[in-house]
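Novice: Okay, predicted coordinates and the sequence, questions at the end:
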Amino acid sequence: MEEDRDNPGPPEAPEERYVNRELSWLSFNRRVLAESENTDYPLLERLRFLSISGSNLDEFTMVRIAGLEGQVQRGIETTAIDGRSPRQQLDAIREQVLQLEDRQQESLESLRSLLAEEGIIVALVDELPKDKQTWLAEYFETDILPLITPQAIDPSHPFPFVATGGMGALFRLKRGKRKGELIEMVLIPSGVPRFVRVPGEQAIYVAIEQLVARFADQIFPGFKILGDGVFRVLRDSDMEVEDEAEDLVRFFRTAIQRRRRGRAVLLELDDECDEVAEALLRDQFDVDAAMIVKTGGMLGLRDLDAICAEPRPDLKFPPFSPRYPERVLAHDGDVFTAIREKDMVIHHPYESFEVVVDFLHQAAVDPAVVSIKQTLYRAGDQSPVIAALIEAAQNGKAVTAVVELKARFDEERNIRWAKELERAGVQVIYGFTEWKTHAKVSLVVRREEDGYRTYCHFGTGNYHPVNAKIYTDLSYFTADQALGRDAAKMFNFITGYIEPDELERIAISPLGMREKLYELIDTEIANAKAGKPSGIWVKLNSITNRAVIDKLYEASAAGVQIRMVVRGICSLRAGIAGLSENISVKSIIGRFLEHGRMWVFADGKELPSRQAKVYITSADAMGRNLDRRVEVMVPVTNKTVHDQMLKQVMLANILDTERSWCLDSDGQYRRMASGENGFNCHEYFMSNPSLSGRGSALEKHDVPDLSLPGEDA
C-alpha cells in the first residue's frame, strides 16, 4: 500500500487527463488578445489583434455557446472530454467570457490613449471641438438620417426583428404636454460604415451609434428624450444538415435565412442604458441573464479593423511581399515543367500564392491538359481560382469542382460560386450530406509524349487568395503518379461514393486516416520499448480527440519524446508525471496565423533525420476531421521537400521563442522568454530566401542552419 501511495500512477479522472475544448479555445483567444497588449508591435497592429479577438469571441458565442445552450434546453446531458455537463461548461464559459470582455475594454482604452498621441482619435462626439461637432451634425443629416427608419414600440407596432450582429438604439420619449411616454427603436443600417472619419489632418473616428444617440433630436423633432440605450445582439448561427435533405442548395438557402433569425444568445448593452429600455430589451430577446453584458466601453469590437486601414505605415508592420518560387522562375514560369523536374513545396505566405493560381491558369489554357478536378472549401469573394476553373471549362477542359456548402459562414458565397461554375460548364459536386469535404486537392491530367501524366497540388490551406497572405500554409506540388492515382480515387469517392479499394500512398478520412496515425504512433512505441530512437513532432491547429490523445499518452508512457506545436485548442495535458511527462506543447501567435499541418515520425532515427516519415495533412486531430470530414494525409518522400519541411518549417516552429506560449502541466499557457538569443520563426522565413525545392539552396545562400540544442547543425 505504501508503494502505491508513492507511485499513484497516471491520473484517471477526466478533468485531470484532459482540458475542456471550450475553455481551451478561450485560452487561445486570450493569447490573441495578449498580442493587442504586446508593446513590441506597432499600434495599429495591436488594434487589429483586438479586433480579431472580438471577432473570434463573436463566432464562439454564436456557435459554441449557442450549441451548449441548445443542449441544456433539450435536456441533453452528454459530457465533454473533461467530464463536464453542458450546464457546467456554460457556467465556466460565462465567467471567463465576462473576464475576457473586461480585458478587451481595458486594452481598447489603453490603445485609444496611445493612438491619440499619434494623431488617431477614437472619440465621443462631445469630446470634439465645436467645428467637428458641427460637421458631424451636418453629415448625420445628409448621409445617415435618410437611411434611418425609427419605429415605435407599442401594441400596433411590434418589436422589430434584429439580425445577428445587429446594433441599434432605444429611446424613451415624451411629446410636448401629452401624457405618457413612447419607446422608439432605431436600427443601425447594416450597409453603412461602423466608423465615420472626420475630415482633417488628424484621423478622428466616431462610431455611428454615437451619432445616432447624440443627434437623436434630428430623428425625433418635437420630442423630449428622457433616456436612451445602445444595444447589440448575437444569435445562434449554427446549422445542422438534415440527412434526408434532397437538395442541398435549396436546404442551405433556407437554413441561411433561419440562421439570421436564430435564437438570441448574447445581448450587449451600454452601461448607461435607460432602465425602461433595458427592461424591454431583456424581455424581447429572452436571453439568459448570464449572457447579458453591460459595458462602459464599445460594443462590437470586431469592427475596429476598419480603423486599421488608416494609411499610417509607421504604425503597422513593415510591408512584406511574398517571393515567387525561384524553381518556377528558373523554368520561365512554366509550373508544369518545374513540377515534372522535381516535387516542390511552397511555404505561404512567405512564398506567393500566385504559383497555385498560375498552376490552375496554365492548366486552363494549356492545350495538352484534358481535365482538372478541384476541391473548394473557402475561396473568398474575388477568387482567381474560380476564374481559372471557369476559363478551363470554357476552353473545353473536363472540369470538376467539389464545392463544400457546409463551410460555416461561407455557405452563401459558396452557393453563388457553385452556380457561376455550373453556368460555365463545370461539373459541380456538393460532396456528402453528412460529411464535409475539407481536403485541399487539385488534380490536373495532361497529355504528354509518353502518355497521360497527373499533376497534383495538396495543401493545408483553403484556395483563398486573401487568407494566403496571412495564414502560414504548405502547398505540395508533385507529379508522383502513385499520389495522382490516390488523388483520383479520392475524387471518385466524393463524386460517386466509390470507396477506394486500395490506396498506395495517401490516407483519407473518414476511411482510414485514424488507423494510419495509430499505426505510425505504434511504430514509435515499439521502437522506444526496444531501445531504439523514437520521437513524434506534430504541428496542428487543434487537438481534441480523446482517442488520439490517449494514443499519444501511451507513446509518452513508453518513452517516446513528443513535441507538439498546436496553435489553438489543445485538450491534451502536457508534462504530467505518469501520463504525459514526455510531451511538450507550444502555441505560436504572431504576425501570421499558423495554419499548416504536418506529422513527423522518427522511424528508428534521432529527429530530425533523413529517415523520418513526414506527412502533410488537411486534418486536425479532432473527431470531426477524422470521422466526419473528407481529409487527406500525404507522405513526403522527395529528399529536398522532405528536408525543407522537416529541417526548416517544422524545426523553426519548434525552436521559436519570441512568438511562442508553452502549455504548463496545470493547463495554463505562459509566454516564452525570448532573451538575447531569441528566435522568431516568422521573421526567419520572411528574411531568408525561398527554398522551393532547390536542392542546394542552403549551400548557395547565407541561410542560418537550424538545429536543436546539442545537435550538430
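Specialist: Here it is on my side, so go on.
Novice: hey, let's count contacts and neighbours off CA atoms from now on
Specialist: Fine.
Novice: The longest strand belonging to the chain: partners in the sheet, and parallel or antiparallel?
Specialist: Within the chain, and with DSSP state E defining each element, the longest strand by residue count is strand 223-235. Sheet pairing for strand 223-235, assigned by DSSP bridges, gives strand 167-175 (antiparallel), strand 264-270 (antiparallel).
Novice: Let me see the mean pLDDT of that strand.
Specialist: Taken as a whole, strand 223-235 has an average pLDDT of 93.
Novice: cool, stretch 495-509 as well?
Specialist: 93.
Novice: what does stretch 87-105 give?
Specialist: Across stretch 87-105, the average pLDDT comes to 94.
Novice: likewise stretch 127-136?
Specialist: Mean pLDDT, stretch 127-136: 95.
Novice: residues touching the residue lying closest to Lys406 once chain neighbours are set aside, list them.
Specialist: Leaving aside its sequence neighbours, Lys406 sits nearest to Lys436 (Cα to Cα, 6 or more residues apart in numbering; 6.4 Å). The contact partners of Lys436, taken as Cα atoms under 8 Å, 6 or more residues apart in numbering, are 404, 406-407, 628-630.
Novice: buried set for whatever helix or strand Ile494 lives in?
Specialist: Using DSSP states H and E, Ile494 maps to helix 481-496. Within helix 481-496, the residues scored as buried using 16 or more other Cα atoms under 10 Å are 483-491, 493-495.
Novice: ok now that helix, how far from the chain's centre?
Specialist: Offset of helix 481-496 from its chain centre (Cα atoms, centre = their mean, to the nearest Å): 27 Å.
Novice: so what does it touch, helix or strand wise?
Specialist: strand 440-448, strand 451-459 (3 or more Cα pairs under 8 Å, 6 or more residues apart in numbering; DSSP states H and E).
Novice: switch the cut-off to 10 Å
Specialist: strand 369-376, strand 398-403, strand 427-429, strand 440-448, strand 451-459, strand 507-509, strand 629-636 (3 or more Cα pairs under 10 Å, 6 or more residues apart in numbering; DSSP states H and E).
Novice: which helices and strands does the helix or strand following the second one pack with?
Specialist: The one in question is strand 398-403. Heading C-terminal from strand 398-403, the first helix or strand you meet, by DSSP H and E, is helix 411-423. Applying 3+ Cα pairs under 10 Å, 6+ apart, one finds that helix 411-423 makes contact with helix 248-260, strand 369-376, helix 384-394, strand 398-403, strand 427-429.
Novice: what distance separates helix 411-423 from the centre of its chain?
Specialist: Using Cα atoms, centre = their mean, the offset of helix 411-423 from its chain centre is 22 Å.
Novice: Now do the same for that helix: mean pLDDT, whole number.
Specialist: On average, helix 411-423 scores 81.
Novice: and the angle from it to strand 369-376?
Specialist: 170 degrees (axes from the mean of the first three to the mean of the last three Cα atoms, to 10 degrees).
Novice: Tell me what angle helix 411-423 forms with helix 384-394.
Specialist: 20 degrees.
Novice: by how many degrees do the helix holding Ile494 and strand 369-376 diverge?
Specialist: When the same axes, to 10 degrees is applied, the directions of helix 481-496 and strand 369-376 differ by 60 degrees.
Novice: so where do the strands sit in the stretch 551-700 of the chain?
Specialist: Taking DSSP state E, counting those that start in this stretch as the test, the strands found in the stretch 551-700 of the chain are 562-566, 583-588, 593-594, 598-601, 613-617, 629-636, 660-663, 669-671.
Novice: picking up where we left off before, in the sheet, who's paired with the residue nearest to Lys406?
Specialist: Arg629.
Novice: just use 13 as the starting number from now, easier for me
Specialist: Done: numbering now begins at 13, and the last item shifts to Lys448.
Novice: Of the strands of the stretch 563-712 of the chain, which is nearest Arg190?
Specialist: With Cα to Cα, the closest approach to Arg190 among the strands of the stretch 563-712 of the chain belongs to strand 605-606: 58.9 Å.
Novice: Which elements pack onto the closest one?
Specialist: Against strand 605-606 (3+ Cα pairs under 10 Å, 6+ apart) you get strand 483-490.
Novice: average pLDDT across the strand it packs on?
Specialist: 96.
Novice: name the helices or strands packed onto it?
Specialist: By 3+ Cα pairs under 10 Å, 6+ apart, strand 483-490 packs against helix 347-353, strand 356-360, helix 366-377, strand 452-460, strand 463-471, strand 605-606, strand 625-629, strand 641-648.
Novice: hang on, Val218 packs against Leu136?
Specialist: Yes. Using Cα atoms under 10 Å, Val218 makes contact with Leu136 at a distance of 6.3 Å.
Novice: neighbour count winner among those two?
Specialist: Val218 (19 against 15; other Cα atoms under 10 Å).
Novice: show me the contacts for Lys528.
Specialist: 518-521, 534, 645 (Cα atoms under 10 Å, 6 or more residues apart in numbering).
Novice: Repeat that for Thr90.
Specialist: 83-84, 96-98.
Novice: any idea which of those has the most stuff around it?
Specialist: For the contacts of Thr90, neighbours tallied by other Cα under 10 Å; top is Pro98, 22 neighbours.
Novice: In space, what's closest to it - neighbours in sequence excluded?
Specialist: Here the residue nearest Pro98, using Cα to Cα, 6+ apart, is Leu80, at 5.6 Å.
Novice: Domain map for this structure?
Specialist: 31-321, 338-508, 519-712 (automatic domain parsing).
Novice: Could you verify my assumption that Thr349 touches Arg458?
Specialist: No. Here Thr349 does not reach Arg458: they are 11.7 Å apart, not a contact under Cα under 10 Å.
Novice: which of these two has more neighbours?
Specialist: Arg458 (20 against 15).
Novice: The residue nearest to Pro98 in helix, strand or coil?
Specialist: Under DSSP: H, G, I helix; E, B strand; the rest coil, Leu80 falls in the helix class.
Novice: For it, give its distance to Pro172.
Specialist: 27 Å (Cα to Cα, to the nearest Å).
Novice: okay, those two: which has more neighbours?
Specialist: Between Leu80 and Pro172, counted using other Cα under 10 Å, Leu80 has the larger neighbour count: 19 against 13.
Novice: could you list every residue that touches the more buried one?
Specialist: 73, 86, 88, 97-102.
Novice: Could you do Asn665 as well?
Specialist: 551, 576-577, 598-600, 606, 671-672, 691-694.
Novice: about what we covered before: point out the least confident one among the contacts of Lys448.
Specialist: Among these, Ala419 carries the lowest pLDDT, at 54.
Novice: May I ask which helix or strand of the protein has the lowest mean pLDDT?
Specialist: When the helices and strands of the chain are scored by mean pLDDT, DSSP states H and E, helix 709-712 comes last with a mean of 38.
Novice: which residues in the stretch 13-162 of the chain form helices?
Specialist: For the stretch 13-162 of the chain, the helices defined by DSSP state H, counting those that start in this stretch cover 14-18, 26-29, 33-47, 55-72, 78-85, 98-129, 142-151.
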